[in-house]
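Peer 1: here are the coordinates; sequence isn't available:
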């Protein structure tokens, strides 16, 4: 049973161009008990299917919405909303989703107060299971007045049992206090209510000013915020942003580890030599392609600002910000003409051919939800249509698939030249909650497309992760090789390798590549890609990095040059993965590729912490860094940091609590 409120507490993702994980680096950790997420899984690349479930979701933040509205890494678009006119009167009851027919576990929610000062999410989950409770979702938070958490259940009976068992229960020397809790508020309805209460002359003037700006310009401001600048100006802005980040990282490292400790353990730690940065920063590497570079994009299906239904494009802002208006992407600079043409043809299909309605994220009625378009450098186009079956019979779904096939193969949609088309049925409110990730129905064409990078071919499945800018990815991978200083004796550990692109790009320059990945489909693609390129020195291990790494590194004790490479999702690496890396004694260099350095800052600091009972293994130190621009017209870029291991072991330091990343 999927849960209906999973996304109401989640921040909107920072931008389509950045690799996404759904973990966030705030003070809270949350998840569903039934399916803990892997730290290495790249969930952002999927229009991830949702489990066939009878549980309704509260109004969601859809994957396509989350991945196409740009914002700063530290400021999500719900704080910088680009408002648009709504085609209908907005819902202003923040709890309206709890009063409908669809199930939500938010109505069976409790708060646990006075949680211990130090505990892990998995420990909390185990405690609840040990007490024979049946939690649906957990969220643990750190507060100024102590730690607390929220737990939801599937029924009132389970909720009341939990209240009785947990209230007064002693866990880790803390006496817990359990009380009923309110459901989470629908962020869009909450925002709409606030705007209604604040309506006045100033609000009206602001609305008039916004309405005077063409919708296409407002969309470009939301999706590609630097589109008005020259590319040289964009690069300068991004480089300055990375300088400020490294200064911030230096200050945080000093605060959490201590300047004296840093100097004693690493005499080369002299930020003043690098402009108060922890390491030198090289000039930003530009993208070879500035316009039309995206090879993958996800489009929402909704209502335009002028009220046109079944519009395919991007939202003007976030759901949490009260925005559900969708604008066609015809003037977006980062999209290719081929992608725009597919969007235009699909919009024609759902408006003129299909009798099914668009999905309404507020009422959860309707069918058409999203369109994903993937392209390659040779002109192949893979399309994924996402729909909610919503009481459709199997015969009706088969008929719709046939209509799609006819339209794109022999009808008006033939001009879009779609090579492969999939239909994905998503029944929950958010793609993040879907556990049917492989349920893509191939309507016509081949099940994959292939992209060429650095003379190598890579198979791309519908939900596979692949860098969205192929030409700039070549620059990224070449830079990784330069930073890693690989040679014919090197052994590369490609940790959280996905479909193996980085490791495979290095394979001909090194002795051996070992990829580690938890997702089976990604492993299958990686193995295929290695074999397709005739590589015999690449192997893959499936499993969680923290569980697989120790046995792998034990077999590499005779290898003198072991290099680690990580390119994790936006949230960075989980603590256990990072500690497993530190415990690899013969791993001397680590190349960390981050699509959102602000979210990964805890990782960077933990790599530098002195050896202790909590942080095993010798610390690493940042040696140099360089930004690589994969996302022209946006504020984002990749940051590569080379970490090297301390040469001589030092005494074990006492354990010091790790401050939260606030």
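Peer 2: Received it, and whenever you're ready, just let me know what you need. In this text the structure is predicted, and so the values were computed from the model without any measurement. Residues are numbered from 1 along each chain as shown.
Peer 1: low-confidence regions, this structure specifically.
Peer 2: When residues are selected by pLDDT under 70, those of the chain lie in 1-97, 100-102, 186-211, 260, 263-269, 318-323, 428-438, 646-662.
Peer 1: max-length helix in it?
Peer 2: helix 231-257 (DSSP state H).
Peer 1: show me what that helix is packed up against.
Peer 2: Judged by 3 or more C-beta pairs under 8 Å, 6 or more residues apart in numbering; DSSP states H and E, the packing partners of helix 231-257 are helix 601-608, strand 620-628. Where you see a C-beta, it was placed from the backbone N, CA and C, and this is true even at glycine.
Peer 1: roughly how far is the last one from the heart of the chain?
Peer 2: Okay, so that is strand 620-628. Going by C-alpha atoms, centre = their mean, to the nearest Å, the spacing between the C-alpha centre of strand 620-628 and its chain's C-alpha centre is 23 Å.
Peer 1: by contact count, what packs against that strand?
Peer 2: In terms of contacts (3+ C-beta pairs under 8 Å, 6+ apart), strand 620-628 is packed against helix 231-257, helix 470-484, helix 601-608, strand 638-645.
Peer 1: which residues touch the helix or strand encompassing residue 531?
Peer 2: Using DSSP states H and E, residue 531 sits in helix 520-532. By C-beta atoms under 8 Å, 6 or more residues apart in numbering, the surrounding residues in contact with helix 520-532 are 42, 437-438, 456-461, 463-465, 497-501, 503-504, 507, 515, 517, 538, 540, 542.
Peer 1: beyond it, next helix or strand please.
Peer 2: Next along the chain after helix 520-532, taking DSSP H and E as the criterion, comes strand 538-542.
Peer 1: partners of that following strand in the sheet?
Peer 2: strand 512-517 (parallel) (DSSP bridges).
Peer 1: so how many other residues sit close to residue 526?
Peer 2: Residues within reach of residue 526, counting by other C-beta atoms under 10 Å, total 28.
Peer 1: go on, residue 543?
Peer 2: Counted by other C-beta under 10 Å, the residues lying close to residue 543 total 16.
Peer 1: from residue 498, how far out is it?
Peer 2: Distance, residue 543 to residue 498, by C-beta to C-beta, to the nearest Å: 14 Å.
Peer 1: helices - which of the contacts of helix 520-532 land there?
Peer 2: Mapping those onto helices (DSSP H) picks out 501, 503-504.
Peer 1: most neighbours, which of those?
Peer 2: When neighbours are taken as other C-beta under 10 Å, the top entry among the ones in helices among the contacts of helix 520-532 is residue 503 (29 neighbours).
Peer 1: bridged to the nearest residue to it once chain neighbours are set aside, which residues?
Peer 2: The spatially closest residue to residue 503, leaving aside those adjacent along the chain, is residue 494, at 3.5 Å (C-beta to C-beta, 6 or more residues apart in numbering). Under the criterion DSSP bridges, residue 494 forms beta bridges with residue 515, residue 565.
Peer 1: picking that back up, any buried residues in the helix holding residue 531, and which?
Peer 2: Of the residues in helix 520-532, those buried by neighbour count under the rule 16 or more other C-beta atoms under 10 Å are 521-530.
Peer 1: can you check what angle separates that helix from strand 538-542?
Peer 2: Relative orientation of helix 520-532 with respect to strand 538-542: 170 degrees, computed using axes from the mean of the first three to the mean of the last three C-alpha atoms, to 10 degrees.
Peer 1: any idea how far helix 520-532 is from the chain center?
Peer 2: When distances are taken as C-alpha atoms, centre = their mean, helix 520-532 is centred 22 Å away from the chain's centroid.
Peer 1: do stretch 508-520 as well
Peer 2: Averaging C-alpha positions (C-alpha atoms, centre = their mean) puts stretch 508-520 22 Å from its chain's average.
Peer 1: before we move on, back to that, report the buried members of the contacts of helix 520-532.
Peer 2: Using 16+ other C-beta under 10 Å as the burial test, these include 42, 437, 456, 458-461, 463-465, 497-501, 503-504, 507, 515, 517, 538, 540, 542 as buried.
Peer 1: around residue 179, how many other residues sit close by?
Peer 2: The number of residues packed around residue 179, counting by other C-beta under 10 Å, is 11.
Peer 1: that one and residue 168: what is the separation?
Peer 2: In this view, residue 179 and residue 168 are 12 Å apart by C-beta to C-beta.
Peer 1: relative to residue 578, how far out is the closest residue to residue 579 other than its chain neighbours?
Peer 2: Closest residue to residue 579 apart from its sequence neighbours, by C-beta to C-beta, 6+ apart: residue 616 at 6.4 Å. The gap separating residue 616 from residue 578 is 11 Å, by C-beta to C-beta.
Peer 1: returning to that earlier point: I'd assumed residue 514 was in contact with the residue nearest to residue 503.
Peer 2: Yes - between residue 494 and residue 514 there is a contact at 6.9 Å, judged by C-beta atoms under 8 Å.
Peer 1: so for those two, which sits in the more crowded spot?
Peer 2: When residue 494 and residue 514 are compared on other C-beta under 10 Å, the one with more neighbours turns out to be residue 494, at 27 against 23.
Peer 1: next up, the contacts around residue 332.
Peer 2: By C-beta under 8 Å, 6+ apart, the residues touching residue 332 are 219-220, 223-224, 314, 340.
Peer 1: ok, back up a step: tell me the angle the longest helix of the chain makes with helix 601-608.
Peer 2: Using the same axes, to 10 degrees, helix 231-257 lies at 50 degrees relative to helix 601-608.
Peer 1: quick one: the helices in the stretch 201-350 of the chain?
Peer 2: With DSSP state H, counting those that start in this stretch applied, the stretch 201-350 of the chain shows helices at 201-212, 215-223, 231-257, 259-265, 337-348, listed in chain order.
Peer 1: what's downstream of the last one, the next helix or strand?
Peer 2: Same thing as helix 337-348. For helix 337-348, the succeeding helix or strand toward the C-terminus, using DSSP H and E, is strand 368-375.
Peer 1: direction included, what does the helix or strand following that next one pair against?
Peer 2: Next along the chain after strand 368-375, taking DSSP H and E as the criterion, comes strand 381-387. Note on strand 381-387: by DSSP bridges, its sheet partners are strand 368-375 (antiparallel), strand 420-425 (parallel).
Peer 1: burial of the nearest residue to residue 390 once chain neighbours are set aside, as a residue count?
Peer 2: Of all residues not flanking residue 390 in the chain, residue 367 sits nearest, at 5.5 Å (C-beta to C-beta, 6+ apart). A count of neighbours around residue 367, defined by other C-beta under 10 Å, yields 23.
Peer 1: the one 5 residues further on too?
Peer 2: Counted with other C-beta under 10 Å, residues neighbouring residue 372 total 24.
Peer 1: how about the contacts made by it?
Peer 2: Under the criterion of C-beta under 8 Å, 6+ apart, the contact list for residue 372 reads 47, 64, 296-299, 383-384, 386, 462.
Peer 1: for residue 158, which three-state class applies?
Peer 2: Three states are possible here, and by DSSP: H, G, I helix; E, B strand; the rest coil the one that applies to residue 158 is helix.
Peer 1: wait, isn't it in contact with residue 134?
Peer 2: Yes - the pair formed by residue 158 and residue 134 meets the contact definition of C-beta under 8 Å, at 4.8 Å.
Peer 1: the two: which is more packed in?
Peer 2: For residue 158 versus residue 134, neighbours defined as other C-beta under 10 Å are more numerous around residue 158 (19 against 16).
Peer 1: identify the residues contacting the more buried one.
Peer 2: For residue 158, the contact set (C-beta under 8 Å, 6+ apart) comprises 108, 133-134.
Peer 1: next, format the residues you listed as CSV and append secondary structure.
Peer 2: As requested, these are exported to CSV (three-state DSSP):
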residue, secondary structure
108, helix
133, coil
134, coil
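Peer 1: all set now, cheers.
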